[in-house]
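[1] Generate coordinates for the sequence data below:
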Amino acid sequence: MRKRDGFLGEKMLSLPASVRKHMILPDPVLSRLYVEQIGYFPKAAGHYRRRREGCTDNILIYCVRGKGWYRVKEKHFELSPNQFVILPATRDFLSYGADEKDPWTIYWVHFSGHDVDIFNQRFGIGSSHEPRAIMYNEKGLQLWDTIYRNLETGFTNETLGNANLCLYHLIATFLYPGSATTPDNTPPLKTTRDLIDDSVHFMRGKLDQILTVKELATECGLSASHYSHLFHKTTGLPPLEYFIRLKLERACIFLYDSELKVKDISTRVGYDDPYYFSRLFKKHMNMSPQEYRGLHAGRVIAAPREMEPA
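    Predicted structure coming up:
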């Protein structure tokens with residue numbers, strides 16, 4: 001069965017259209033090159049994409065285990081462990097997927113920007129679609145994790161700036177692997193920001209559930225009152241309100257990028273009562289789920305299993 005996502009242990013984030021429009025594109029620095037989507041698909045059996053009209057983003061795919069393939073126009077390529085490819089933004093037919101017998105585990109990033117064409121020309125991205133071998137890119141994966149953790153805590157000027165500056169360094173570890181340095185193995189002490197980042201990561205893995213402040217605090221090894229104080233101080237929101245916003249962010253992605261019924265989306269974000277979910281959605285989004293879906297209906301493609309993301 002072919003799938004675009006839904007793999008056990010996957011991580012995936014997509015830049016909301018409103019953030020791109022109001023925070024990225026007006027910024028003369030961030031708009032030059034920025035992260036559109038980022039993800040990790042472990043042992044992604046059935047993973048498959050087909051883009052008949054290409055993709056407006058560059059796509060970095062790094063295979064760490066298993067095997068996969070990609071096709072540009074009529075040319076077919078295989079991707080094996082410790083190989084990567086950066087596919088440039090193109091209007092040409094593009095498809096890719098996991099090997100049926102030994103499905104790949106991949107880290108991937110979609111990135112775009114006003115300067116993406118100049119960037120590709122400068123660094124020869126797209127001059128050859130052949131995969132490139134690389135030693136295990138530990139530094140690159142650390143940077144990938146930094147980008148992901150920044151974006152999953154919310155889309156602020158600070159997190160967007162940090163993530164997109166790290167994007168340049170991430171790409172450099174692939175294009176110039178000999179220059180990447182690996183820090184020593186001494187783990188740093190966790191800061192308050194690290195604890196809250198871990199908590200948000202935990203929340204994102206439980207969006208189909210209902211959590212209490214006590215459960216969240218226990219996960220961090222803190223009292224409920226101390227945890228709530230630190231969380232509010234770091235993010236500007238109480239933990240449960242932040243959790244609700246993450247649920248609604250996921251619901252928006254489902255409404256924007258799938259044909260799931262509202263009651264099914266409600267269940268996937270932890271609400272058994274679709275009417276309660278609809279009221280909650282309207283309270284925070286100033287429109288009903290159906291209105292939101294209608295507003296963005298122009299983005300949905302006829303074959304939803306073959307749409308974005310990577």
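[2] Buried residues, the helix or strand hosting D264. List them.
    Under the criterion DSSP states H and E, the helix or strand holding D264 is helix 262-268. Within helix 262-268, the residues that qualify as buried are 262-263, 265-268, counting by 16 or more other CB atoms under 10 Å. (Each C-beta comes from the backbone N, C-alpha and C, glycine too.)
[3] any idea which of those is closest to I253?
    The closest of the buried residues of helix 262-268 to I253 turns out to be I265 (CB to CB; 9.5 Å).
[4] How about the closest one, nearest residue that isn't a chain neighbour?
    F254 (4.5 Å; CB to CB, 6 or more residues apart in numbering).
[5] Now the one you found: which helix or strand?
    Counting by DSSP H and E, the secondary-structure element that holds F254 is helix 239-257.
[6] Can you tell me the closest non-neighbouring residue to C252?
    By the measure of CB to CB, 6+ apart, the closest residue to C252 outside its immediate chain neighbours is Y292, 6.6 Å from it.
[7] And that neighbour, what's its pLDDT?
    Reading off the confidence values, Y292 has pLDDT 86.
[8] okay, now it: neighbour count?
    Other residues within reach of Y292 by the criterion other CB atoms under 10 Å amount to 20.
[9] who touches it in this structure?
    Neighbouring residues of Y292 by CB atoms under 8 Å, 6 or more residues apart in numbering: 252, 255-256, 281, 285.
[10] re earlier: who's in contact with the next helix or strand after the helix holding D264?
    Of the helices and strands lying after helix 262-268 in sequence (DSSP H and E), the nearest is helix 274-285. Counting contacts by CB under 8 Å, 6+ apart, the residues outside helix 274-285 that touch it are 244-245, 248, 251-252, 262-263, 265-266, 269, 271, 288-289, 292.
[11] mind redoing it with 6 Å?
    Residues external to helix 274-285 that are found in contact with it (CB atoms under 6 Å, 6 or more residues apart in numbering): 248, 262-263, 266, 271, 288-289.
[12] Mind checking the pLDDT average for stretch 44-64?
    Average pLDDT, stretch 44-64: 90.
[13] Flag every buried residue along that stretch.
    Neighbour-count burial for stretch 44-64, counted by 16+ other CB under 10 Å, picks out 44-45, 47-51, 54-55, 57-64.
[14] need the contact list for Y107.
    40, 62, 144.
[15] excluding its backbone neighbours, what's nearest the second one?
    In this case it means Y62. Ranked by CB to CB, 6+ apart and with sequence neighbours excluded, the top spatial neighbour of Y62 is F84, at 4.3 Å.
[16] That neighbour pairs with what?
    The bridge-partner assignment for F84, based on DSSP bridges, gives Y62, R132.
[17] Could you report the neighbour count for it?
    Around F84 sit 22 other residues, with neighbours defined as other CB under 10 Å.
[18] Could you chop the chain up by domain?
    Per automatic domain parsing, the domain ranges recorded for the chain read 11-179, 192-299.
[19] where's S18, which helix or strand?
    Counting by DSSP H and E, the secondary-structure element that holds S18 is helix 17-19.
[20] got any ranges where the stretch 1-150 of the chain has weak pLDDT?
    Residues of the stretch 1-150 of the chain meeting the criterion pLDDT under 70: 1-6.
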